[in-house]
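*Asks:* Pasting the sequence and the predicted model now:
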Amino acid sequence: MNEEPETTHRARPQLAAWDVVVLLATIFAAGHAPLYAVLAGPPLSTLVLDAWATLLFAVDLVLRFRRPVRVGGRPLHDLRAIARRYLATWFTVDLLAAIPFGLLSLLPALSGTSWPRTLALLGLTRALRLARLARLQAEWRAQTLVHPAVYRLGFFVFWAAMLAHWIACGWIALGGPAQSLAGVPLYLRALYWTITTLTTVGYGDITPRDAAQLAYAMAVMVLGAAMFGYVIGNVANLLANADTLRTQHLARLERAALFLRGRGAPRALRNRIRDYYEYLWESRMGEDQRLFDDLPPALRIEVALQLNRPILERVPFFRGASEPFLRELAQHLRPAVFIPGELVLRRGDVGHRMYFIHRGEVEVLAAGDRTRVAKLADGEFFGELALLTRQPRSASVRALDYCDLYTLDREHFEEVLALFPDFAAEVRRTAAARGGAAVA
């Protein structure tokens, strides 16, 4: 029964909404059917909802014969093949759910006779449709960023509530609650016994009286103990892994500190390294750059362009660049972090890359790194002449505070310019126009 909807992007929202409506109807029917079967008579309000659920199941049954599916990862659109597959998988379950057994059981009652329990019990087959929800859990897990333990606990709460409801209905069928009760009080009494038994805190005010009730109570106790162990295990896992990335970050800090202390590194150096890692964590600039390496090339380029486009558009000689040029260039930007007082580049060194300031401030120094000649902040850039020439740096640049920068290597830049010779000439003209104001 591994059937997945395959739709176009336009049809997907409508089908998704329909699936949610049918799923809600399924949950209602799975809860209503056993209650309907064990109580002396169904309330009128629930019968109306049951009729609507039956109508939804019937419509869904018809739609399933024409709804494209995926088989083995491939879309299946042939109507005959879809119908054959549906008949071999979910058709029987959906057909039984579309038959209004509960409403049919009322027909004898209208003639003055008692409504037959057999038809009402057949309505329990609607609970089989919940198997669809169990299958969808795996699909939804792949589409959500919720912590796995939280996700599992959320579904566990749902299934535990549904199971408690079913067990309470079974306790009513065995005559467990006081027989003098009826309707809602009878159900609440049975649900009370179910919860106290499942949670293994039974107070003893409701006890089994015959062999069938004793066997039923023991089975519920065993089930409750298993559920208790599952909850404890998942909660412990959730607390232990509440922040996996933070745990990994602290472990890296501890390893670096132990290594430097063992090698006799000065305390000032160790503190600078610790501050660097802390800022890297807080700014999230240290996220793994290989995170999207397994994406297809086209999708990986799209991610790079969306992340780096604002940075490139701030540079004057990149403004007006074509979309293909920006797509190529965006792939080669790399993040870099500098701490206060650290030299980003040094006067006299041969330049190999230019820098874009994403966040922070730097100062341009001359005359032996003692005189400030310029101050650059968010959105500005420097070192661009290193992309066009091989001359030494004409000035030093020092970080005034924590700086988030992006770098572009000359090698990668030349590769991109080789693909766009016309734009390459424009870049050189713009760089020449900046003249001495540029930091080589």
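*Replies:* Done, it's in.

*Asks:* Tell me which residues are up against stretch 406-426.
*Replies:* When contacts are defined by Cβ atoms under 8 Å, 6 or more residues apart in numbering, stretch 406-426 is touched by residues 308, 311, 317, 321-322, 324-325, 328-329, 332-336, 351-356, 358, 386-387, 427. Placement of C-beta: from N, CA and C, glycine included.

*Asks:* which of these count as buried?
*Replies:* Using 16 or more other Cβ atoms under 10 Å as the burial test, the contacts of stretch 406-426 include 308, 311, 317, 321, 325, 328-329, 332-333, 335, 351, 353-356, 358, 386-387, 427 as buried.

*Asks:* Among those, which lie within strands?
*Replies:* In this view, the buried ones among the contacts of stretch 406-426 that belong to strands under DSSP state E are 335, 353-356, 358.

*Asks:* element containing residue 373, please.
*Replies:* Assigning secondary structure by DSSP states H and E places residue 373 in strand 371-376.

*Asks:* Can you tell me the strand partners of that strand and which way each runs?
*Replies:* Using DSSP bridges, strand 371-376 pairs in its sheet with strand 362-366 (antiparallel).

*Asks:* Counting neighbours, what do you get for residue 126?
*Replies:* 29 (other Cβ atoms under 10 Å).

*Asks:* That one is in contact with residue 31, isn't it?
*Replies:* No - counting by Cβ atoms under 8 Å, residue 126 stays clear of residue 31, with 9.8 Å between them.

*Asks:* Tell me where the model's unsure across the stretch 201-350 of the chain.
*Replies:* Applying pLDDT under 70 to the stretch 201-350 of the chain picks out residues 237-246, 282-295, 316-317.

*Asks:* Give me the residues contacting stretch 386-397.
*Replies:* Stretch 386-397 is contacted by residues 343-355, 362-366, 369, 373, 376, 382-383, 385, 408, 410, 413-414, 427-428, 431, 439-440 when judged by Cβ under 8 Å, 6+ apart.

*Asks:* Now do the end-to-end distance for it.
*Replies:* 14 Å (Cα to Cα, to the nearest Å).

*Asks:* do stretch 366-374 as well
*Replies:* Taking Cα to Cα, stretch 366-374 runs 9 Å from one end to the other.

*Asks:* What of stretch 84-97?
*Replies:* Using Cα to Cα, one end of stretch 84-97 lies 19 Å from the other.

*Asks:* same check, this time on stretch 373-392
*Replies:* Taking Cα to Cα as the measure, stretch 373-392 stretches 18 Å from start to finish.

*Asks:* tell me the average confidence for that stretch?
*Replies:* Taken as a whole, stretch 373-392 has a mean pLDDT of 78.

*Asks:* Likewise for stretch 86-105?
*Replies:* Per-residue pLDDT over stretch 86-105 has a mean of 77.

*Asks:* Name the residues of that stretch that come out as buried.
*Replies:* Quick answer for stretch 86-105 (16+ other Cβ under 10 Å): 86, 90, 93-94, 96-102, 105.

*Asks:* now swap in stretch 363-370 and tell me
*Replies:* So for stretch 363-370, counting by 16+ other Cβ under 10 Å, buried means 363-365.

*Asks:* The stretch 1-150 of the chain: helices as residue ranges?
*Replies:* 12-38, 44-63, 79-88, 91-98, 101-104, 107-110, 117-122, 130-142, 148-173 (DSSP state H, counting those that start in this stretch).

*Asks:* lowest-confidence stretch among those helices?
*Replies:* Ranked by mean pLDDT, the helices of the stretch 1-150 of the chain bottom out at helix 107-110, with a mean of 54.

*Asks:* Show the model's pLDDT score for residue 177.
*Replies:* The predicted structure scores residue 177 at 68 on the pLDDT scale.

*Asks:* oh sorry, the question was meant for residue 363
*Replies:* Looking at residue 363, its pLDDT is 91.

*Asks:* again with residue 398
*Replies:* Listed pLDDT for residue 398 reads 90.

*Asks:* Count the neighbours of it for me.
*Replies:* Residue 398 has 19 nearby residues by other Cβ under 10 Å.

*Asks:* That one and residue 361 touch, don't they?
*Replies:* No - if you go by Cβ under 8 Å, residue 398 and residue 361 don't touch, sitting 10.1 Å apart.

*Asks:* Show residues contacting stretch 362-372.
*Replies:* By Cβ under 8 Å, 6+ apart, stretch 362-372 touches 338, 344, 347, 373-376, 382, 395-400, 403, 439.

*Asks:* Assign residue 413 to helix, strand or coil.
*Replies:* Recorded secondary structure, residue 413: helix (DSSP: H, G, I helix; E, B strand; the rest coil).

*Asks:* And residue 408, by the same measure?
*Replies:* Under three-state DSSP, residue 408 comes out as strand.

*Asks:* for the residue nearest to residue 377 when sequence neighbours are not counted, what are its contacts?
*Replies:* Residue nearest to residue 377 in three dimensions, not counting chain neighbours: residue 361, with 4.8 Å by Cβ to Cβ, 6 or more residues apart in numbering. Contacts for residue 361 (Cβ under 8 Å, 6+ apart) come out as 375-378, 399-401, 403.

*Asks:* Mind checking which of those residues are buried?
*Replies:* 376, 399-400, 403.

*Asks:* Counting neighbours, what do you get for the residue nearest to residue 191 when sequence neighbours are not counted?
*Replies:* Closest residue to residue 191 apart from its sequence neighbours, by Cβ to Cβ, 6+ apart: residue 168 at 4.3 Å. Using other Cβ under 10 Å, residue 168 has 25 other residues around it.

*Asks:* that older thread, ok, so of the buried ones among the contacts of residue 361, who is nearest residue 23?
*Replies:* Among those, residue 403 lies closest to residue 23 (Cβ to Cβ), at 50.4 Å.

*Asks:* and stretch 418-430, how far out from the chain's middle?
*Replies:* Offset of stretch 418-430 from its chain centre (Cα atoms, centre = their mean, to the nearest Å): 43 Å.

*Asks:* can you pull the contacts of residue 95?
*Replies:* residue 61.

*Asks:* Distance check, it against residue 36.
*Replies:* Taking Cβ to Cβ, to the nearest Å as the measure, residue 95 falls 19 Å from residue 36.
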